[in-house]
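A.B. asks: My questions are about this predicted structure, shown below with the sequence.
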Amino acid sequence: MEKRVLLAILLSTALLVLYTYIFAPPPEPPPPARTAEAPRAAPEVAPAPVPAPRPAPPVAPAPRAAVLDPPDRTARVNGPLYGGLITSRGGDVAGWDLHYRGEKPMALQGLLGAEGVKVLRPEAPPRVIAFQLSAESLQLDHARPVGELRLVGEDDFGLRVTQIFRFRADSYLVEREFRVENRHVVPQVAEIEVGWATPVDWPKEREAFPGPRPIHVVRLAPGASWASREALGSAEPFLGPARWVAFESGVAPTGQNGVYVTALIPRSPQMRVVVEARGPNAQEATPRSVRVGVRISPGELAPGGDWRGSLLAYLGPMEYDRLAAVGFGLEKAIYFGGFPFPESWAGRYGAPTIPMQWIVVPILWLMNSVYGFIRNYGIAIIVLTFVTKVLFYPLTLKSMKSMKAMQALAPQINALRAKYKNDNQRLQRETMELYRQNKVNPMGGCLPILVQIPIFYALYVALSVSAELQNAPFIRFGVLPEWVPWLGGQCVWICDLAVYDPTYILPILMGASMFIQQKMAPMVGDPRQAKLMMFMPILFTFMFLGFPSGLVLYWLINNVLTIAQQYLVDRHARLASAAEPKAARKAEPKERKA
């Protein structure tokens, strides 16, 4: 038994040695000698299989060696229409002064303006990139109508951003081309954002800022017929596709109608529009502000990969022709409204609305065409009002004649009122019968006026939104002596048609003309109501004290022309009434002979 056990152990040992000799893999070569540059620990025993190491996640690559920011520099751009200041810190607009009917700053360092090009990464604060500028000045003129400025910057993760600003001497439009490169050894994802910020409530020490102040956030959705418009204080956050986003700015201190715009227009599908409302909290002492911008999402960039795209920026006056020439529906930034309901009600509630753009744009074209000949917007407004009155003279004449006929029937109508004062239905039947017998249409005096109301309202809108009236003088007589301070140098009276008349002469003249117009108009209806209407000139005078001079001038000229038309109608009626007795006397001898 012991012999059999010993024999089994010997056979098993021999079989194990033979299997190891035949089937076992050859031994591994010895590891290479260690070096200080590439240390490597050789394990004493064979380790367990280890899975291949995963690459670093692309959203948060390991930072490279710190990139030294270039020193802060600025590049000044001078042209016939504007003067700009581009800063290397953020690579964006630090200053922008319009040369448009006077000097108008559009940016204020630390309060109003661009916030720079930012890199957005998940779970990391936004980083403003520092750029290197290709030049420190750029002069635009007729000899050099186009100029470029190149900016290159990089963050700590190897994301390089290259910008090319393209300026034009004859346009307020600035083209910005972007190239985003991944110079890291791993893929990464990051977003680029550019934007413009403004406070909602200006600090008291900045109230004297002479430039336009943003009053609305305006945005045009893809395929929309009109732009959405929100006051700064009620602007809602937004992130999504849009044709453009902008700040609409008004002239301080009134600022009720925007005449300047700061717009950002995406031109690549990877761009989205941003509207951000930021409020103060316990840690912030800055005033509440609103920001509009464009966010660029290139997607995942492989090592050495890049993305290219562009956007447009418009910083200038809201002249319809200029905005329409830009394209992208930027002319819709001008709010023309609708009649009798706002334009947006047509799609929201199905309200019948006349888009005032159909009427206002031809009026603006006519006003600018007249200005091209006479070079005075005050006279252009007078000519525009005169042309409108001439075109509608037949309707106005018909309305005045109808009111005259109703005035002639006033004694009989008053007699009917006294007779049927306790029976309203009988009074209405008898009154309508009186109108029918005398062939008088009681609506004949109202319908022609109703037809003209949209036109007059369009004139009001045209003058309200016209940026051309900024700093446009009305009456001036060349260069006057400097020692005449009251005359203000070149201008004598109404030196800016876009603001109120500081002498209040124009609104007082308007109120007086309105009073004369009411005295001359035929008195129709209840005499007590006519007496109450005499207070309207006083009310309108106080209302128009703060209106832009161009609007008051239009209203004054309209009243004067209406007075002239009423005088002609009254004169024609007096001549006709004087001719009736003469015709009767001439007819008497003929009747006697017969």
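C.D. replies: Alright, I've got the coordinates.
A.B. asks: got a pLDDT number for the residue lying closest to residue 79 once chain neighbours are set aside?
C.D. replies: Among residues not flanking residue 79 along the chain, residue 140 sits closest, at 3.6 Å (C-beta to C-beta, 6 or more residues apart in numbering). C-beta coordinates here come from the backbone N, C-alpha and C atoms, glycine included. Per-residue confidence for residue 140 comes out at a pLDDT of 92.
A.B. asks: so what's residue 494 up against?
C.D. replies: Residue 494 makes contact with 378, 473, 474, 475, 501, 506, 549, 553 under the criterion C-beta atoms under 8 Å, 6 or more residues apart in numbering.
A.B. asks: same question, residue 442
C.D. replies: Counting by C-beta under 8 Å, 6+ apart, residue 442 has contacts 406, 435.
A.B. asks: Looking at the contacts of residue 494, state which has the most neighbours.
C.D. replies: Neighbour counts for the contacts of residue 494, by other C-beta atoms under 10 Å, peak at residue 549, which reaches 27 neighbours.
A.B. asks: correct me, but that one touches residue 496?
C.D. replies: Yes: the criterion here is C-beta atoms under 8 Å, and residue 549 meets it with residue 496 at 7.1 Å.
A.B. asks: Tell me where the model's unsure across this protein.
C.D. replies: For the chain, the stretches with pLDDT under 70 are 1-71, 252-257, 280-287, 343-352, 443-449, 476-490, 522-532, 576-594.
A.B. asks: Give me the domain ranges for it.
C.D. replies: With domains defined by automatic domain parsing, the chain comprises 74-335, 346-578.
A.B. asks: and the helix or strand hosting residue 229, what other elements does it pack with?
C.D. replies: Element membership for residue 229 (DSSP states H and E) is strand 228-231. Using 3 or more C-beta pairs under 8 Å, 6 or more residues apart in numbering; DSSP states H and E, the elements in contact with strand 228-231 are strand 213-220.
A.B. asks: Apply 10 Å and report the result again.
C.D. replies: The criterion is 3 or more C-beta pairs under 10 Å, 6 or more residues apart in numbering; DSSP states H and E, and the helices and strands that strand 228-231 contacts are strand 213-220, strand 244-250, strand 271-278.
A.B. asks: Output the longest strand belonging to the protein.
C.D. replies: Criterion DSSP state E: the longest strand present in the chain is strand 306-317.
A.B. asks: Go through that one and flag the buried ones.
C.D. replies: Buried residues in strand 306-317, defined by neighbour count with 16 or more other C-beta atoms under 10 Å: 307, 309, 310, 311, 312, 313, 314, 315, 316, 317.
A.B. asks: Quick one: neighbours of the closest residue to the last one other than its chain neighbours, just the number.
C.D. replies: On the basis of C-beta to C-beta, 6+ apart, the spatially nearest residue to residue 317 that is not a chain neighbour turns out to be residue 467, at 3.9 Å. Here the number of neighbours of residue 467 (other C-beta under 10 Å) works out to 22.
A.B. asks: Can you name the element that comes right after the longest strand of the chain?
C.D. replies: Following strand 306-317 in sequence order, the next helix or strand is helix 320-326 (DSSP H and E).
A.B. asks: Any chance you could list what contacts that next one?
C.D. replies: With C-beta atoms under 10 Å, 6 or more residues apart in numbering as the test, helix 320-326 has contacts from 171-173, 244, 261, 263, 265, 312, 314, 316-317, 319, 329-334, 336, 357, 360-361, 364-365, 368, 462, 465-468.
A.B. asks: now swap in stretch 563-577 and tell me
C.D. replies: The contact list for stretch 563-577 (C-beta under 10 Å, 6+ apart) reads 389, 392-393, 396-397, 399-401, 403-405, 407-408, 513-514, 516-517, 519-522.
A.B. asks: how far away is residue 314 from residue 202?
C.D. replies: 24 Å (C-beta to C-beta, to the nearest Å).
A.B. asks: right, I mislabeled it, should have said residue 543
C.D. replies: Residue 543 is 27 Å from residue 202, by C-beta to C-beta.
A.B. asks: As TSV, the helices and strands packed on strand 228-231 with mean neighbour count and distance to residue 99 would be great.
C.D. replies: Shown next, in TSV, are the helices and strands packed on strand 228-231 (neighbours: other C-beta atoms under 10 Å; distance: least, C-beta to C-beta, whole Å):
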stretch	mean neighbour count	distance to residue 99
strand 213-220	23	19
strand 244-250	25	16
strand 271-278	20	29
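A.B. asks: so which of those gets nearest residue 162?
C.D. replies: Nearest of those to residue 162, taken as C-beta to C-beta: strand 271-278 at 16.5 Å.
A.B. asks: Past the closest one, which element shows up next along the chain?
C.D. replies: For strand 271-278, the following helix or strand on the C-terminal side (DSSP H and E) is strand 289-296.
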